[in-house]
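In: Sharing a sequence plus its predicted fold:
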Amino acid sequence: MVKARPIVLGVLLSLSTVTPAIAQDDSKAARPLVLDRVVARWRTVEQESRGSGHLIFARELAFEARLEAMALGDGPTDKLADRHIRAALARHVTESLLEELPLDRAPLPTEIADRAAKARKALETRVGGVERLEKAREKERMTVDEVDALLRRTARASLYLDRMVAPLLDPTDIELREMHAAGKTPYSGERFVDVVDKLRRLVLSQRMTAAVDEFWQNARSRIVITWVTKKQQ
């Protein structure tokens, strides 16, 4: 059962305000710069030890929460709300769980790379464009490599969903044409040939989000989440 405890936003966002400067008083030893810290740990109920499980770091979760906020129309640097962090936590844990589940055939590196590239395009569409994504990355001081790792996690999760749970996440041209003709997309006022790629990314992102949400609802009773309390200075 998921242990729900309220998250204090200041705890998660504190790292966003950390500057790269060290102590300016030359009479004192320079304090080490804290680049990141663990805010939570998750495990399945099958893992009995409290010390076992997967770590979740503050910068990564704050960045993922910004993605959730931007998907709802907020700006890349707007203040985060509890609902954004809860959604980010659910997606983080679900994708992390999915990427570890066994497949009937191990994916090739080229498959992961191809899906990661699609995941990036879908994410850009979901959050409102490349510039907004980049601003969020800079806000939380995420490196390009860290974002790439996140996308590879999404790629491996989508591969499991596509093969084992919800086949055909990627829409066919016929499906896209029917959606476009029915006026059910933001691009229905434009020519199909001009928007097919954007439409495909949009639908793929929506289907992936729905599949992840459904998997989370089914698996949450098997997940234990423990929040790490920040030590008092």
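Out: That came through, no problem.

In: how would you label the most centrally placed residue in the chain: helix, strand or coil?
Out: In the chain, the centroid-proximal residue (C-alpha atoms, centre = their mean) is residue 64; its distance is 4.6 Å. Following DSSP: H, G, I helix; E, B strand; the rest coil, residue 64 is assigned to helix.

In: For it, give its distance to residue 195.
Out: 28 Å (C-beta to C-beta, to the nearest Å). The way it works is simple: take the backbone N, C-alpha and C, and place the C-beta from them, glycine included.

In: ok, now residue 172?
Out: From residue 172 to residue 195 the distance is 16 Å (C-beta to C-beta).

In: Which one's more surrounded, those two?
Out: Set residue 172 next to residue 195 and count neighbours by other C-beta atoms under 10 Å: residue 195 wins out with 18 against 10.

In: which stretch of helix or strand covers the closest residue to the residue nearest to the centre of the chain other than its chain neighbours?
Out: Of all residues not flanking residue 64 in the chain, residue 88 sits nearest, at 3.8 Å (C-beta to C-beta, 6 or more residues apart in numbering). According to DSSP states H and E, residue 88 maps onto helix 82-100.

In: cool, residue 134 as well?
Out: helix 130-139.

In: elements contacting that helix?
Out: If you count contacts as 3 or more C-beta pairs under 8 Å, 6 or more residues apart in numbering; DSSP states H and E, helix 130-139 packs onto helix 58-71, helix 109-127.

In: Next, the angle from it to helix 109-127.
Out: Inter-element angle recorded for helix 130-139 and helix 109-127: 100 degrees (by axes from the mean of the first three to the mean of the last three C-alpha atoms, to 10 degrees).

In: residues of helix 130-139 that come out buried?
Out: Under the neighbour-count criterion of 16 or more other C-beta atoms under 10 Å, helix 130-139 has 132, 133, 135, 136, 137, 139 buried.

In: Among those residues, which one lies nearest to residue 68?
Out: For the buried residues of helix 130-139, the closest approach to residue 68 (C-beta to C-beta) belongs to residue 136, at 10.5 Å.

In: Hmm, residue 99 is touching residue 151, no?
Out: No - look at residue 99 against residue 151 with C-beta atoms under 8 Å: they stay out of range, at 11.7 Å.

In: The two: who's more crowded?
Out: A direct count of neighbours by other C-beta under 10 Å for residue 99 and residue 151 places residue 151 higher, at 20 against 17.

In: Mind naming the longest strand for this structure?
Out: Longest strand in the chain by number of residues (criterion: DSSP state E): strand 38-44.

In: how far does that strand sit from the chain's center?
Out: Taking C-alpha atoms, centre = their mean, to the nearest Å, the mean C-alpha location of strand 38-44 is offset from the chain mean by 15 Å.
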